[in-house]
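> fold the following, please.
(chains A, B and C)
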Amino acid sequence: MIQSDIIKILLVVILSPILGCLLAGLDRKITAHLQGRVGPPILQPYYDFRKLLAKENFVSNRFQNLYILAYFIFILASLLMLVFEMDLLMIVFVFTFANIALIIGGMSTGSPYSKIGSQRETMAMLAYEPILVFYIVGMFMLTGSFTISKLNSFKLPLIAYLPLIFVCMLYIMLVKFKKSPFDFASSHHAHQELVKGIMTEFSGPTMAIIELSHWYETVFLLGLMFIFWKQNIFIGVIISIITYLFVIIVDNISARLYWKWFLKYTWSVAVVVSIANILVLYIYKIKLS
Amino acid sequence: MCAKGVMSKSPWVVHVNCNSCNGCDIEFLACLTPLYDAERFGVINIGSPKQADIMVVTGSVNHKNIDVVRNIYDQMPGPKAVVAVGACACSGGIFHSCYNVIGGVDKAVPVDVYVPGCCPKPESMLDGVLQAAAILEKKRLDKNYKVEEVKV
Amino acid sequence: MNNLILLLIVVPLIFAILFTLSNNKTFYKIISYALCLFGTTVSIMLAYHGTGNIKISGTAFSIVEGIIIICELLIILFLFYVSIKNKRWGVLTLTAISTVLSVYTTFFIGKSETSIINVDSLSIVMALIVNIVGTLIVVFANGYMTEYEHHRGMKSKQKLFYAVICVFLAAMNGLIFSDSLSWMYFFWEITTLASFILIAYNADAEALNSGFRALFINIIGGISFIGGIIIFKTSMNIDSFSGILAHGRVSSFAIIPVFLLCIAGFAKSAQVPFQSWLLGAMVAPTPVSALLHSSTMVKAGVFLIIKLSPAFAGTSLGTAIAVYGAFTFVLCSAMAVSQSNAKRVLAYSTIANLGLIICSAGIGTGVAIAAAITLLIFHAVSKALLFLCTGQIEHTIGSRDIEDMFGLIHKAPALTLITAFGIISMILPPFGVLVTKWISIEASATNPLVVIFLVLGSALTTIYYIKWLGTMLSFPSVNLKPEKTIKRPFSVYLVLSILSVIVLAISIFITPIYNNLVAPEIKSLAIKSKDSLSAVFGDVSSKSGTFNNSLVFIALGILIVLSLIVWKVLVSKTQVKSIYMCGENNSPDNDKNMFRSGNDSLVESNISNYYLKDIFNEKALSTLGYVVSISIILVVLIGGLL
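Take a look at the predicted model:
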């Protein structure tokens, strides 16, 4: 019904940034403890957000902030579509729109640092997008449909027959969360890679919108991993938590790698592994029960 | 020791090295290490001045870099504060009578906190940054706030 | 209805003669607008009239056959003359072979006494594209060609230009309505000839080379076409499309002639290994590139293949064609990444999208044919817009290179925004091209090889467009000061605006367009297939998923409304500062990114896009393309013979 839909939309729009904010704070706290220090309070991302809203807004291209607004709206749209269990291929295309808006926004400032950051982010997108779509194609081969809601009618989870793709998805979550070893476009923790990468020339309230979008994006990406075991909510949440912890721990134990390395090894190893997984599904005509 | 206010809970720092021998810079970067842990106060060393609140300056100002410091200060959105770290930044330090040195950082930009020493201990630098954070909050509430002289 | 079709073929010929009468620019303007009005009205009237078949027999038939024989003779003589004069022996040989085969077909094989003019939804779609987009391009050429010739110091050949384009439009109109194979071959050859004349328009060495290369490859396609006609007539007594389709799925013997016709389509649509002619054709003036080499002539090739798809859907031939098309798609997308010349990027993108259409036609299910036809519509309009924009950009800044377009939004804001809109309509939802990409991935998801190529190709597609889009839109500027010295011809900007409105409209109205123009065709083309696409209120759904285009439009609408609400905070009341260059910014007008470097010298910062020329090496990829595509073609031919 329309009313329950509206309540669902409101809950998602209001609760996801809170969840994202707490997850980001937990991320910094765990990283700090892994590095042997105390670290900021868990609500620190909220304090950062509040402070950014109080700053003046400096720009280098008068219209650059509009791209960030596009990024924000489309991340929100793709999260809402994910929650309403729509066609996963469409969701990934809408998510790509958001990322492209951010990349173009970075290039529009005319700054050399943000231009290189955008180029690197483009190369990262070239590398990880095939794996996302292979995940969706794998889901189609198992269930016969691209819509997420179809998964409810099966007992076995996706991860049972997509183990290799799960590993590849974990691998690309590192670049989507902007963590080492793949934070060459704009790093989350080190804060300085090419000054601030794509976001060098954004300030004040625009940075606040970017932070808010990152919180929504965190929930979205963890939602993508949740789908691997959608049938059981508890195990699905545990898979999301495992993803997040994996990302944090790998961030702390590895150095930053070059984007060419990422492109080369994703297209030669991860894509081949995903293709192998799909071919096994095709040859043995495996379907979910 | 909980800071109060919107600006003081999240002071983001841009670190500018004017003419420094790097002694103060090494000690400042030590603030970010686990031993002194500046991040527990929310201090992040952000590279871009457009996202920074506090400009931490080391080294004195000379004819070549006076425009550079002003340029970076200009690109910081308000409310903003400047912390002059080290004797060279405060007044020119040991080099103040050299032919190329103009003086301390206050010859280029208005300074809010002076942290003397050659070089100051990381704890003093961190203390200076946090005092600047408190001043930021006062600047946010009152646009024309001028720092009164406080002898420590 | 036969009057409408007769008008569509004859009236452009009349206009061709009109264009040769005078050189007066105002006269050209008037008749171009008249042509545009005529084309739009008649094609829309035809669309409303609906589908049907008209039989041509008796005296009308003999008259038309007579005209065709005379015109073919003239074409052959002209080709002989031109190849001997320019000493192109390869083309000469091919023309000789083609003549022998044509003579054999015309005089030594029995033929039927009637022919059918076939008006189905696919032909109506092509008619709309040719007559609306094509005539708009003629209006564009009014504002473009004078500057073009002046720039190159040529003496004016505009009479020839407009006349050939009008003849071409007439030929395309004839091609899409022909059911008889030999009539279609005749119109096919006219388009080859028109393409040659227009590519060699500049008459310098490079243009002549490209023209003859196009002629060479297209005549190969023509020979393949006529070979197919001969085999069909002698072994199975078929000489029309309805005859081929009445046979149902091809038996193993008929693989060869169907595939020969498909090879003709591949050559016309510049698939690998035939792609070099389209790349070379980029030396032609931009209206030619927009008209012939992206919206209409190359679409004739895929039109042929879509029409033939019931013959091979579901067979191994269909799978081979699908793999071939998908391979072209991924290879040409990869090659486009390394290009910095904007027209070459667009050329590779065209070839890639045509490969995608062929791939969908090869799969042949209801959903796949829907993907093929919808992509044909959306791609034709968007690509025409992009080519025309590139032409005007070239007149504005004097270069076609993407690197020179840095800061274009500062110099020519309206043009940049229209080009940006064109690029966005090629890669982003909610616009049509992305929706058809979604449809084609859904259609091909059961065939792993095809879907792997499609996924890799679509990842590469976004890359080369993003680089271009970002470079154009990037500039730190205090206020946009358009340069006053640029000439802004009215016809150019009028056509660009109309085309952008059309692009927007067809994406918004995807549901009525699909339901009225595409769905009826699918019923006739994908007879054996059970699944199909349905479109309701902007949501396109098949049995395995739904693309809620309406939701994306709503999100776009919310974005626009929200940006107007926060305009003050995010745009007006912001302060513009220089970019961060570690404090060393040093440029007087903020119009160049200059910084102070060693020895106090001023250096300009120049970051170019990543072209990955060593990973996506054009030569290496072309060689790979030739090897794989020729092997696929040989495998099919040999397999058909056995």
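> okay, stretch A:207-220 in PDB with CA atoms only?
Coordinates of each C-alpha in stretch A:207-220 appear next as PDB, following Å, rounded to 0.1, in the frame of the first residue of the first chain:
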ATOM      1  CA  MET A 207      31.600  18.500   1.800                       C
ATOM      2  CA  ALA A 208      28.800  17.900   4.300                       C
ATOM      3  CA  ILE A 209      26.600  16.600   1.500                       C
ATOM      4  CA  ILE A 210      29.500  14.400   0.300                       C
ATOM      5  CA  GLU A 211      29.900  13.000   3.800                       C
ATOM      6  CA  LEU A 212      26.100  12.300   4.000                       C
ATOM      7  CA  SER A 213      26.200  10.600   0.600                       C
ATOM      8  CA  HIS A 214      29.100   8.500   1.800                       C
ATOM      9  CA  TRP A 215      27.000   7.300   4.800                       C
ATOM     10  CA  TYR A 216      24.200   6.400   2.400                       C
ATOM     11  CA  GLU A 217      26.700   4.700   0.100                       C
ATOM     12  CA  THR A 218      28.100   2.600   3.000                       C
ATOM     13  CA  VAL A 219      24.600   1.300   3.800                       C
ATOM     14  CA  PHE A 220      24.000   0.600   0.100                       C
END
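> now do that stretch, average pLDDT.
The predicted model gives stretch A:207-220 an average pLDDT of 94.
> tell me the buried residues in it?
Residues of stretch A:207-220 classed as buried: A:207-220 (neighbour count, 16 or more other CB atoms under 10 Å in any protein chain shown). Placement of C-beta: from N, CA and C, glycine included.
> closest to chain C out of those residues?
For the buried residues of stretch A:207-220, the closest approach to chain C (CB to the nearest CB) belongs to A:Ile209, at 8.5 Å.
> off-centre distance for the helix or strand hosting that closest one?
Element membership of A:Ile209 [criterion: DSSP states H and E] is helix A:204-226. Relative to the mean C-alpha coordinate of its chain, helix A:204-226 is positioned 8 Å out (CA atoms, centre = their mean, to the nearest Å).
> check which helices and strands that helix is in contact with.
Helices and strands touching helix A:204-226, by 3 or more CB pairs under 8 Å, 6 or more residues apart in numbering or on different chains; DSSP states H and E, are helix A:2-34, helix A:44-53, helix A:64-83, helix A:163-176, helix A:233-253.
> which elements pack onto the third one?
In this structure, helix A:64-83 makes packing contacts with helix A:2-34, helix A:88-108, helix A:204-226, helix C:549-565, judged by 3+ CB pairs under 8 Å, 6+ apart.
> again with the first one
For helix A:2-34, the elements it packs on are helix A:44-53, helix A:64-83, helix A:204-226, helix A:233-253, judged by 3+ CB pairs under 8 Å, 6+ apart.
> and of the ones you listed, who's closest to C:Ala443?
The minimum distance between C:Ala443 and those falls on helix A:64-83, with 21.6 Å, by CB to CB.
> shaky segments in the chain?
The chain I'm using is chain A. By pLDDT under 70, the low-scoring segments of chain A are A:1, A:190.
> nope, chain B please
Filtered on pLDDT under 70, chain B yields the residue ranges B:1-2, B:150-152.
> how about the residues of it by chain C?
For chain B, the residues in contact with chain C (CB under 8 Å from any CB of the partner chain) are B:16, B:48-50, B:65, B:67-69, B:71-72, B:74-75, B:77.
> between the residues you listed, which has the most around it?
Taking other CB atoms under 10 Å in any protein chain shown as the neighbour criterion, B:Lys50 ranks highest of the residues of chain B next to chain C with 31 neighbours.
> that one against B:Met76, yeah?
Yes - checked against CB atoms under 8 Å, the pair B:Lys50 and B:Met76 is within contact range at 7.0 Å.
> in a helix, that's where A:Arg62 is, yeah?
No - secondary structure of A:Arg62, determined by DSSP: H, G, I helix; E, B strand; the rest coil: coil, with no helix assignment.
> so it touches C:Gln575, yeah?
No - under the criterion of CB under 8 Å, A:Arg62 makes no contact with C:Gln575, lying 9.8 Å away.
> name the residues contacting each of these two.
Counting by CB atoms under 8 Å, 6 or more residues apart in numbering or on different chains, A:Arg62 and C:Gln575 have no contacts in common.
> so for the two, which residue has more residues nearby?
A:Arg62 (18 against 12).
> now do the contacts for the residue nearest to C:Phe490 when sequence neighbours are not counted.
The shortest distance from C:Phe490 to any residue that is not its chain neighbour, by CB to CB, 6 or more residues apart in numbering or on different chains, is 6.6 Å, and that residue is C:Gly143. Contact criterion CB under 8 Å, 6+ apart gives C:489-493, C:495 as the residues in contact with C:Gly143.
> give me the neighbour count for C:Leu634.
Applying other CB under 10 Å, I find that C:Leu634 has 10 neighbouring residues.
> wait, is B:Val56 part of a strand?
Yes - under three-state DSSP, B:Val56 falls within a strand.
> and it, how far is that from chain C?
As defined by CB to the nearest CB, to the nearest Å, B:Val56 lies at a distance of 15 Å from chain C.
> quick check, that residue in contact with B:Val13.
Yes - in this structure, B:Val56 is within contact of B:Val13 by CB under 8 Å, at 5.4 Å.
> of those two, give the one with the bigger neighbour count.
Neighbour totals were compared for B:Val56 and B:Val13, and B:Val56 leads with 29 against 23 (other CB under 10 Å).
> that one pairs with what?
Applying DSSP bridges to B:Val56 yields these beta-bridge partners: B:His15, B:Val83.
> quick one, strands of chain B?
Assigned strands in chain B, in chain order: B:12-17, B:44-45, B:54-58, B:61-62, B:81-85, B:101-103, B:113-115 (criterion: DSSP state E).
> who are the packing partners of the first one?
Read that as strand B:12-17. Strand B:12-17 makes packing contacts with helix B:23-30, strand B:44-45, strand B:54-58, helix B:66-74 when contacts are defined by 3+ CB pairs under 8 Å, 6+ apart.
> and the ones you listed, which is most packed in?
strand B:54-58 (a mean of 28; mean count of other CB atoms under 10 Å in any protein chain shown).
> and that strand, what does it pack against?
Taking 3+ CB pairs under 8 Å, 6+ apart as the contact definition, the neighbouring helices and strands of strand B:54-58 are strand B:12-17, helix B:23-30, helix B:66-74, strand B:81-85, helix B:87-91, helix B:122-141.
> what does it contact?
Strand B:54-58 has contacts (CB under 8 Å, 6+ apart) with B:11-18, B:20, B:24-25, B:28, B:49, B:69, B:72-73, B:76, B:80-86, B:88-89, B:105, B:109, B:111, B:125, B:129, B:132-133, B:136.
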